[in-house]
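Visitor: using only what follows, build the 3D model:
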Amino acid sequence: MLLLKNKEILVFGLKRSGQAVIRLLNREGIHVTMTDDEVREKDLDDDLKNNRYLSSEEAKASLDRFDYVVKSPGIPPTHPLIQKANELGLSVISELEIAYRFFPPGRPLVAVTGTNGKTTVTTLITNLLTASGIKATSCGNIGYPLSEAVLVDLYDAFVCECSSFQLEGIRYFTPHVAVWLNVLPHHLDYHGSFEAYVSAKAHLFRNMRDDGLIVINRDDANVMQQLQIHDPKGRILTFSLEEEQADAYYNEDTDMIHLDGEPFLHRKEILLQGQANVANVLAALLVAKSFSCDPTIMKKVIGGFEPLRYRMEHIGSWLGVDFYNDSKSTNAAAMKAAIQSLNQPIILIAGGKRKDDQYEPALSHPNIKYVVTFGENRKDLKACCDRVGKVCFECVNLLEAMRLVKQMMSAGDAVLFSPGAQSYDQYANYVERGEAFNQLFKTVIQF
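Guide: All right, here's what the predicted structure looks like:
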């Protein structure tokens with residue numbers, strides 16, 4: 001139980017991950033105090049009401065009686081309760097940390113982080129392991145909390161997507177396999193700086209053991225720098241789109257993916273779009289190989305793996321125009337990767353919540369025919385387009401944008417919905433935004 005028995009624990013955040021933490025602790029005979037800014041005691045299931053409930057103001061006023069605060073990932077470090085907990089020297093930890101302290105012995109834990117590609121790689125690794133006879137589950141930031149997966153306890157292996165919010169609050173959390181895909185400026189409003197964001201990601205391998213495995217992107221200078229700074233224990237395998245010295249690499253001249261220096265799979269056998277997804281496949285293959293998965297099964301799984309929803313998802317064609325839904329794109333790097341994956345004239349629909357990001361490298365791509373912006377940052381994106389010489393049209397919302405797109409598209413074009421920003425200005429999340437785009441494709445474009 002790693003120091004939790006007979007400790008006073010405050011669980012702050014009572015949505016799915018917070019509730020999973022409470023249930024896991026309760027199973028171990030540990031009752032907690034729980035609080036939330038929005039969720040009230042009356043909203044909770046009866047089994048959780050055996051724990052003490054305080055309003056967030058009451059909890060803040062009595063913080064000095066607690067030993068640990070378990071913070072849900074969506075709560076920013078600037079929240080007054082968290083700031084006071086830090087001032088008092090309390091240990092502020094994440095749901096991942098609690099889950100790890102009750103992790104079933106002898107079961108492999110694969111942890112995947114990165115600015116982009118986490119969900120794709122987490123899902124792909126899970127599919128590779130499952131097809132090889134290992135009962136694996138995708139969990140963590142993917143929407144199924146690690147605490148809940150540990151509580152269910154039905155799995156031979158756990159493949160856990162880890163966000164920087166979660167990794168920031170770990171102390172003992174130690175995966176058997178740590179996968180770091182990439183790191184680019186993101187969530188700076190939460191972390192305060194790029195350096196703090198990278199540092200939170202680097203917690204991934206802070207506790208690695210000699211028998212652990214680290215799979216890391218050889219092409220990402222910031223990731224490699226963190227490897228040098230922290231010098232973690234464990235075996236290190238690298239993947240690359242550029243360097244043949246990597247343990248898994250892509251040869252652009254032959255269009256072949258290589259594993260341990262040998263040709264393994266041709267690019268045309270992969271359904272996923274774009275070079276970023278080739279890198280994702282390389283990372284997943286290295287993990288599968290570490291589990292001694294059969295190469296024939298690995299090739300079959302990779303070849304049949306389709307894009308996840310709202311991640312460069314081809315939703316259909318109309319009058320010779322292809323439509324792609326990349327609503328999961330919440331930063332400029334993801335937008336750039338989406339644009340680079342297409343080899344036809346692109347009408348880009350972009351926009352969302354205002355953020356500081358470098359959009360010019362994405363918007364200057366020669367395949368972009370027009371840009372249509374919408375949402376809170378539409379004028380910012382228009383200014384970027386003006387600087388790189390791209391024709392740009394501003395719209396208030398996605399409906400207006402799709403009506404305009406229908407007027408300007410031509411056979412052979414690709415309409416790419418890759419917002420490059422978070423959705424919170426007009427939508428609850430990227431899923432709701434992605435579904436809105438799909439509906440507008442049916443009701444505006446195909447009508």
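
Visitor: quick one: the strands in the stretch 101-250 of the chain?
Guide: For the stretch 101-250 of the chain, the strands defined by DSSP state E, counting those that start in this stretch occupy 109-113, 136-140, 157-161, 177-180, 213-217, 235-240, 248-251.

Visitor: can you redo those as JSON lines with mean neighbour count, mean pLDDT and distance to Glu87?
Guide: The way it works is simple: take the backbone N, C-alpha and C, and place the C-beta from them, glycine included. Converted to JSON lines, the strands of the stretch 101-250 of the chain look like this (neighbours: other C-beta atoms under 10 Å; pLDDT from 0 to 100; distance: least, C-beta to C-beta, whole Å):
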{"stretch": "strand 109-113", "mean neighbour count": "28", "mean pLDDT": "98", "distance to Glu87": "29"}
{"stretch": "strand 136-140", "mean neighbour count": "24", "mean pLDDT": "97", "distance to Glu87": "29"}
{"stretch": "strand 157-161", "mean neighbour count": "26", "mean pLDDT": "98", "distance to Glu87": "31"}
{"stretch": "strand 177-180", "mean neighbour count": "26", "mean pLDDT": "98", "distance to Glu87": "32"}
{"stretch": "strand 213-217", "mean neighbour count": "24", "mean pLDDT": "98", "distance to Glu87": "35"}
{"stretch": "strand 235-240", "mean neighbour count": "20", "mean pLDDT": "98", "distance to Glu87": "38"}
{"stretch": "strand 248-251", "mean neighbour count": "21", "mean pLDDT": "97", "distance to Glu87": "46"}
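
Visitor: among these, which comes closest to Glu41?
Guide: Relative to Glu41, the nearest member of the strands of the stretch 101-250 of the chain by C-beta to C-beta is strand 136-140, separated by 27.3 Å.

Visitor: the closest one to strand 109-113, inter-axis angle?
Guide: When axes from the mean of the first three to the mean of the last three C-alpha atoms, to 10 degrees is applied, the directions of strand 136-140 and strand 109-113 differ by 50 degrees.

Visitor: who's in contact with the residue most central in space within the chain?
Guide: When C-alpha atoms, centre = their mean is applied to the chain, the residue found nearest the centroid is Lys118 (4.3 Å). Each residue near Lys118 by C-beta atoms under 8 Å, 6 or more residues apart in numbering is listed here: 112, 141-142, 161-163, 181.

Visitor: could you do Asn251 as well?
Guide: Contacts here follow C-beta under 8 Å, 6+ apart; on that basis Asn251 touches 244, 257-258.

Visitor: most neighbours of all these, which one?
Guide: Most neighbours among the contacts of Asn251, by other C-beta atoms under 10 Å: Ile257, with 23 neighbours.

Visitor: ramachandran angles for that residue?
Guide: phi -90, psi 130 (degrees, to the nearest 10).

Visitor: in the sheet, which residues pair with it? Tell me.
Guide: Tyr250, Leu265 (DSSP bridges).

Visitor: what's it in contact with, if anything?
Guide: Residues in contact with Ile257 (C-beta under 8 Å, 6+ apart) are 248-251, 263-267, 270, 278, 281-282, 285.

Visitor: minimum distance to Arg23: which of the strands of the stretch 101-250 of the chain has it?
Guide: strand 136-140 (14.7 Å).

Visitor: drop anything exposed from the contacts of Ile257.
Guide: Neighbour-count burial (16 or more other C-beta atoms under 10 Å) is assigned, among these, to 248-250, 264-265, 267, 270, 278, 281-282, 285.

Visitor: so, low pLDDT: which residues of the stretch 101-250 of the chain?
Guide: By pLDDT under 70, the stretch 101-250 of the chain contains no weakly predicted segment.

Visitor: so Leu283 sits in a strand?
Guide: That one is not Leu; residue 283 is Ala. No. Counting by DSSP: H, G, I helix; E, B strand; the rest coil, Ala283 is not part of a strand but helix.

Visitor: so what's it scoring on pLDDT?
Guide: Looking at Ala283, its pLDDT is 98.

Visitor: which residues touch it?
Guide: Ala283 neighbours (C-beta under 8 Å, 6+ apart): 121, 179, 181, 215, 217, 239, 248.

Visitor: from what I see, Leu63 and Ala85 are in contact.
Guide: Yes. Leu63 is in contact with Ala85 according to C-beta atoms under 8 Å; the separation is 5.7 Å.

Visitor: now for the two: what residues contact both?
Guide: What both Leu63 and Ala85 touch, as defined by C-beta under 8 Å, 6+ apart, is the set Val69.

Visitor: more crowded one of the two?
Guide: For Leu63 versus Ala85, the count of surrounding residues by other C-beta under 10 Å is larger for Ala85: 24 against 16.

Visitor: show me what the residue lying closest to the more buried one once chain neighbours are set aside is bridged to.
Guide: Leaving aside its sequence neighbours, Ala85 sits nearest to Val69 (C-beta to C-beta, 6 or more residues apart in numbering; 4.8 Å). Val69 has these beta-bridge partners by DSSP bridges: Leu10, Val92.

Visitor: neighbours around Val69, how many?
Guide: When neighbours are defined as other C-beta under 10 Å, Val69 has 26 of them.

Visitor: in the stretch 151-300 of the chain, which spans are helices?
Guide: Shown for the stretch 151-300 of the chain, the helices assigned by DSSP state H, counting those that start in this stretch span residues 164-167, 188-191, 194-202, 221-230, 275-290, 295-304.

Visitor: how far away from the center of its chain is the fifth one?
Guide: Averaging C-alpha positions (C-alpha atoms, centre = their mean, to the nearest Å) puts helix 275-290 16 Å from its chain's average.

Visitor: now do the third one
Guide: Centre-to-centre, helix 194-202 and its host chain are 15 Å apart (C-alpha atoms, centre = their mean).

Visitor: next, the contact list for the spatially closest residue to Thr120 that is not a sequence neighbour, please.
Guide: Excluding its sequence neighbours, the residue lying closest to Thr120 (C-beta to C-beta, 6+ apart) is Asn280, at 5.1 Å. Listed by C-beta under 8 Å, 6+ apart, the contact partners of Asn280 are 117, 120-121, 124, 181, 272.

Visitor: next one: Asp36
Guide: Asp36 sits next to 12-15, 18, 56 when contact means C-beta under 8 Å, 6+ apart.

Visitor: of these, which belong to strands?
Guide: Taking DSSP state E as the definition of strands, those contribute Phe12.
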